[in-house]
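Q: Okay, structure incoming, though there's no sequence with it:
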């Protein structure tokens, strides 16, 4: 692991690090904010998974999360959204290939060799963080935006006991029924749609649910609402009687201006679960 | 109108009043809390519609609303849930007839003569309150519990411009598809189900929505969840992109212990709309 940069930030440290990842067979970069409290011992960690086209950097610079993470004494990790590099498969479209890993392990060529983002965020990066930094493995929560909201919800439900709480900003809520999902799941996982269901939050909410609180915020003026399908996830949450809150926020779109507007609420929500 | 009782309460007055109502052809009783500020001029008003078996009294004594209404300078009105008296039709069941008006104007015998609760809460009682008390007609909001949550949501959507915000505790969210609804709507309105749709919040949310914020709380351990159908309303809210919040509260049941636990949130929610 090598240090790309470390900057003082709200009395803690905002770092960027790179390492050779076995899951993807590439060098992967991530951002990690550790609050001042990490100098004295392990701190809780909130995972933030980003959306289409993002690297580790977008949320780290634009989500406004460090202020509230510092206030609550919580670390933040910002993984990249896919493997990258010259030898890595890609597509001309913004929503497939590099920057669009969808948090799955691809089984189909040309993606299968490097696009193993599920293993990366579920196993390899957690192991690295716990070995290298002062992080409490028993106090982790997860959030994300858009494709990253999809990732956060699917990881939280399929890794019971890993996360104490899960939230999402404008998640891709039912990718098996959306053009944000069918294209990518078909490319990465093949035409057998049964294999897609493990990566559909609405399906997982119906079948598994989450053993902890759930918070979802969605902008009512989001330009991608028809692709996100919040109604499917909200219905599944309430049909399951899932502990949680679903909010439709008037006037907000899909941007980081939306994300930053509700970041304080999400950090407070996660802090309550992480510190109890 | 006659005064049944008036008690000092949080520096204001909790009154109970009775009047001869034209809508129902009966004497109707209601509770009204006015905060201290009403001594100096008109105050905003929050309507609280109650559920099956309730009179004007249950929420007035058990919902814990006056503390927060006083803090926000908001009045509270607690109407009865049906006409009552010896000459008024009734049924042996707790969920039909007296105590179970469902906030509709009955068209079928034996109910049509007195069971005109829609007109009573939508027209006659508002007119009385505005003429007799210091209430600002331009600052009204509405909430309710169970059958009253159904009433609050249906009134809010079908009277655009009347209410600035609407909330509900465990509302009967889709009565046209529930045994809490089909029986009563059939009895009061007849077998033509098209006439029922004006009293189905999920249908109204899909067709009309509400021009303001919506807040719904539902207990995840509510013993009547299958009758309430929160998943239908949550899905309809998000499909419409309705500004609002839907919360599933872990461990809470259908009682006033649930209602009082979230009353502070609901008063704060309405106060924000009423005072801006």
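A: Cool, the structure landed. Remember, predicted model here, so these are calculated numbers, not experimental data.
Q: ranges for the strands of the stretch 51-200 of chain A?
A: Assigned by DSSP state E, counting those that start in this stretch, the stretch 51-200 of chain A shows strands spanning A:75-79, A:135-144, A:166-169.
Q: just the ones you listed: most buried one?
A: Mean neighbour count (mean count of other C-beta atoms under 10 Å in any protein chain shown) peaks for strand A:166-169 among the strands of the stretch 51-200 of chain A, with a mean of 30. Every C-beta, even on glycine, is put in place using the N, C-alpha and C of the backbone.
Q: What is it packed up against?
A: strand A:135-144, helix A:147-158, strand A:214-219, helix A:263-275 (3 or more C-beta pairs under 8 Å, 6 or more residues apart in numbering or on different chains; DSSP states H and E).
Q: Redo those as CSV? Include distance to chain B.
A: As requested, the helices and strands packed on strand A:166-169 are exported to CSV (distance: least, C-beta to the nearest C-beta, whole Å):
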stretch, distance to chain B
strand A:135-144, 16
helix A:147-158, 14
strand A:214-219, 7
helix A:263-275, 11
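Q: on that earlier part again, can I get the strands of the stretch 51-200 of chain A in TSV including mean pLDDT?
A: Shown next, in TSV, are the strands of the stretch 51-200 of chain A (pLDDT from 0 to 100):
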stretch	mean pLDDT
strand A:75-79	98
strand A:135-144	98
strand A:166-169	98
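Q: ok, the host helix or strand of residue A:235 near chain B or not?
A: Assessed by DSSP states H and E, residue A:235 sits inside helix A:230-240. Yes. With C-beta under 8 Å from any C-beta of the partner chain as the criterion, chain B is reached by helix A:230-240 at A:230, A:231, A:232, A:233, A:234, A:235, A:236, A:237, A:238, A:239.
Q: residues in contact with the helix or strand just after that helix?
A: The C-terminal neighbour of helix A:230-240 among helices and strands, as given by DSSP H and E, is strand A:244-249. For strand A:244-249, contacts defined as C-beta atoms under 8 Å, 6 or more residues apart in numbering or on different chains pick out A:210, A:213-220, A:230, A:233-234, A:237-238, A:258, A:261-262, B:234, B:237-238, B:241-248.
Q: same question for strand A:244-249, mean pLDDT?
A: Regarding strand A:244-249, the rounded mean pLDDT is 98.
Q: ditto for stretch A:101-119
A: 98.
Q: Would you indicate which residues of that stretch are buried?
A: A:101, A:102, A:103, A:104, A:105, A:106, A:111, A:114, A:115, A:116, A:117, A:118 (16 or more other C-beta atoms under 10 Å in any protein chain shown).
Q: Residue A:230 and residue A:218 touch, don't they?
A: Yes. Look at residue A:230 against residue A:218 with C-beta atoms under 8 Å: they come within range, at 4.6 Å.
Q: what residues are shared contacts of those two?
A: Overlap of the contact sets of residue A:230 and residue A:218 (by C-beta under 8 Å, 6+ apart) consists of A:170, A:246, A:248, B:238.
Q: any low-confidence regions in the stretch 51-200 of chain A?
A: Along the stretch 51-200 of chain A, no part satisfies pLDDT under 70.
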